[in-house]
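Asker: Got a sequence here, can you build the structure:
(one chain, ligands or ions: 1)
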Amino acid sequence: MSGDVLQHTDLRQSRRFLETYSPPKINGEFAGKHIISVEQFDRRDLQILFDATGSIRRRIKQQDRGLLELAAGKLMATLFYEASTRTDLSFQAAMRHLGGEVVAASNGVHFSSVYKGENLADTIRAVGCYSDAIVLRHPDVGSSYEAAYYLDQLNKQIARQVIVISGGDGVGEHPTQALLDLFTIFDFKGQIDGLNITLVGDLRHGRTVHSLAKLIARYQAENVVLNLVSPPLLRMPETVVQYATAKGITVRETDDLYDVLPETDVIYWTRIQEERFDDPADYEAIKDRFIMTPPVLAQAPDDAILMHPLPRKHEMGTPDDHDALDADPRAVYFRQMENGMFVRMALLAKVLGGLWV
Ligand code: NCD
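Answerer: This is a model prediction of the structure:
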């Protein structure tokens, strides 16, 4: 497999694009914009996107065939260098529900020219020649910025506007997950102002929590408390903590869940990202530190919601614990997951066509 090739080419250079490439701000205008960071969004952009998402959800439930016009004639490519179920399939489903088409490497990206050692800069431009939007998931932090940079170069040559949407860049960001997470919080809580939100688990390697913490800050809600619960080794990166604090969020870091759980409105549980540890002994030492089970959830308020980006493993207990948690009305992670398709439909319709939905 091409893992070694990736190690020796792309892994070294993507990160520098974080410094040199500025993601375009949305500023109320989504059409033709790459989506590579939550920092592109402000409160108004989120309101526009969430209104569109609500409308799309209603129309899907009514089986409104008019949705098939929204990306008719457009083609989305998926380019996944890392494993995925929800992000990959929800983007594909979203595009099809909008009447668009989807292409992917027939045997997965690792049997494309990536296998021969082609770098991201060239692969992304090859895929750009055949599509209007590329959903990219890649193990390098900054890879989506790098993709955006090279697509800008290509777009000048081919006189089209091909965009990249990040589906996660290693331990960096996962912007569309944060969009669906924030939409879900709105859905169940009606607002962000005044909420007490608790992120638990692998806050160091979890890209979903990096993006979500920053997106909550971008929304500029009032009186938000963000509790960051992790073992010391897995603390949220300081840059993210500073970002949230600078935007007026009260951030509390602790490794004592019970300190904050009884006050919490939104519990966001995460998987310990075993595959991202340099030393397996570190993983073994902390993997069982935070396990959500029915007795743990019993400590949370009755009107709290329990979210999880999924997939879940033992951090949600045994399979029997999974079933018991699923039966608790506070568990909203399957509706969170369904919302992922609606948010991605709204986003695709907007970036591909700038259409009102
Ligand atoms: C997450 C991811 O890939 O970052 N999954 C997802 O996209 N819903 C979370 C994880 O892998 O733990």
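Asker: pLDDT below threshold where in the chain?
Answerer: 1-12, 354-357 (pLDDT under 70).
Asker: Output the set of residues of it in proximity to the ligand.
Answerer: 86-87, 168, 174, 177, 207-208, 271, 273, 309-310 (C-beta under 6 Å from any ligand atom). C-beta here means a position set from N, CA and C on the backbone, and glycine is covered the same way.
Asker: from these, which single one is nearest Val343?
Answerer: Taking C-beta to C-beta as the measure, Gln177 is the one of those closest to Val343, at 9.3 Å.
Asker: Wait, the closest one touches Val209, no?
Answerer: No. Using C-beta atoms under 8 Å as the test, Gln177 is too far from Val209 to be in contact (9.5 Å).
Asker: circling back to that earlier point, just the ones of the residues of the chain next to the ligand in strands?
Answerer: Among the residues of the chain next to the ligand, the residues falling in strands (DSSP state E) are Gly168.
Asker: Just the buried subset of the residues of the chain next to the ligand, written out for PyMOL, thanks.
Answerer: Selection of the buried residues among the residues of the chain next to the ligand in PyMOL, burial being defined by 16 or more other C-beta atoms under 10 Å:
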select buried, resi 86+87+168+174+177+207+208+271+273+309+310
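Asker: Let me have the residues of the chain next to the ligand in a markdown table, extended by distance to Gly100.
Answerer: A markdown table is the format used below for the residues of the chain next to the ligand (distance: C-beta to C-beta, whole Å):
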| residue | distance to Gly100 |
| --- | --- |
| Arg86 | 19 |
| Thr87 | 17 |
| Gly168 | 21 |
| His174 | 22 |
| Gln177 | 21 |
| Arg207 | 26 |
| Thr208 | 25 |
| Arg271 | 31 |
| Gln273 | 32 |
| Pro309 | 25 |
| Leu310 | 25 |
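Asker: so where do the strands sit in the stretch 101-250 of the chain?
Answerer: For the stretch 101-250 of the chain, the strands defined by DSSP state E, counting those that start in this stretch occupy 101-104, 133-138, 163-169, 196-200, 225-229, 250-254.
Asker: let me fix that: the stretch 251-357 of the chain
Answerer: With DSSP E, counting those that start in this stretch as the criterion, the stretch 251-357 of the chain has strands at 266-269, 305-307.
Asker: any idea which element the nearest residue to Met95 once chain neighbours are set aside lies in?
Answerer: Using C-beta to C-beta, 6 or more residues apart in numbering and skipping residues adjacent in sequence, the residue nearest Met95 is Met76, 4.5 Å away. Assigned by DSSP states H and E, Met76 belongs to strand 75-80.
Asker: tell me the angle that strand makes with strand 133-138.
Answerer: 0 degrees (axes from the mean of the first three to the mean of the last three C-alpha atoms, to 10 degrees).
Asker: how close does Met292 sit to Thr318?
Answerer: Distance, Met292 to Thr318, by C-beta to C-beta, to the nearest Å: 11 Å.
Asker: So between these two, which is more surrounded?
Answerer: The neighbour comparison of Met292 against Thr318 (other C-beta atoms under 10 Å) goes to Met292, with 23 against 11.
Asker: For the more buried one, give me its contacts.
Answerer: Shown in contact with Met292 (C-beta atoms under 8 Å, 6 or more residues apart in numbering): 200, 267, 269, 306, 315-317, 321, 325.
Asker: at 7 Å instead, please
Answerer: Counting by C-beta atoms under 7 Å, 6 or more residues apart in numbering, Met292 touches 269, 315-317, 325.
Asker: Closest one of the residues you listed to the ligand?
Answerer: Using C-beta to the nearest ligand atom, Glu315 comes nearest to the ligand of those, at 9.4 Å.
Asker: Only alpha carbons, please: show whatever helix or strand Met95 lives in as CSV.
Answerer: Element membership of Met95 [criterion: DSSP H and E] is helix 86-97. What follows is helix 86-97, C-alpha atoms only, in CSV (Å, rounded to 0.1, in the frame of the first residue of the first chain):
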residue,chain,number,x,y,z
ARG,A,86,-21.2,8.9,7.6
THR,A,87,-19.3,11.7,6.0
ASP,A,88,-18.8,9.8,2.7
LEU,A,89,-22.3,8.4,2.4
SER,A,90,-24.2,11.4,3.7
PHE,A,91,-22.4,13.6,1.1
GLN,A,92,-23.2,11.1,-1.7
ALA,A,93,-26.8,10.8,-0.6
ALA,A,94,-27.1,14.6,-0.3
MET,A,95,-25.8,15.1,-3.8
ARG,A,96,-28.2,12.5,-5.2
HIS,A,97,-31.2,14.0,-3.4
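Asker: mind giving me the domain ranges of the protein?
Answerer: Taking automatic domain parsing as the domain assignment, the ranges for the chain are 3-173+338-353, 176-337.
Asker: what are the ranges of the helices in the stretch 101-250 of the chain?
Answerer: Ranges of helices in the stretch 101-250 of the chain, per DSSP state H, counting those that start in this stretch, are 120-129, 143-158, 175-189, 207-218, 238-246.
Asker: Thank you kindly, that will do.
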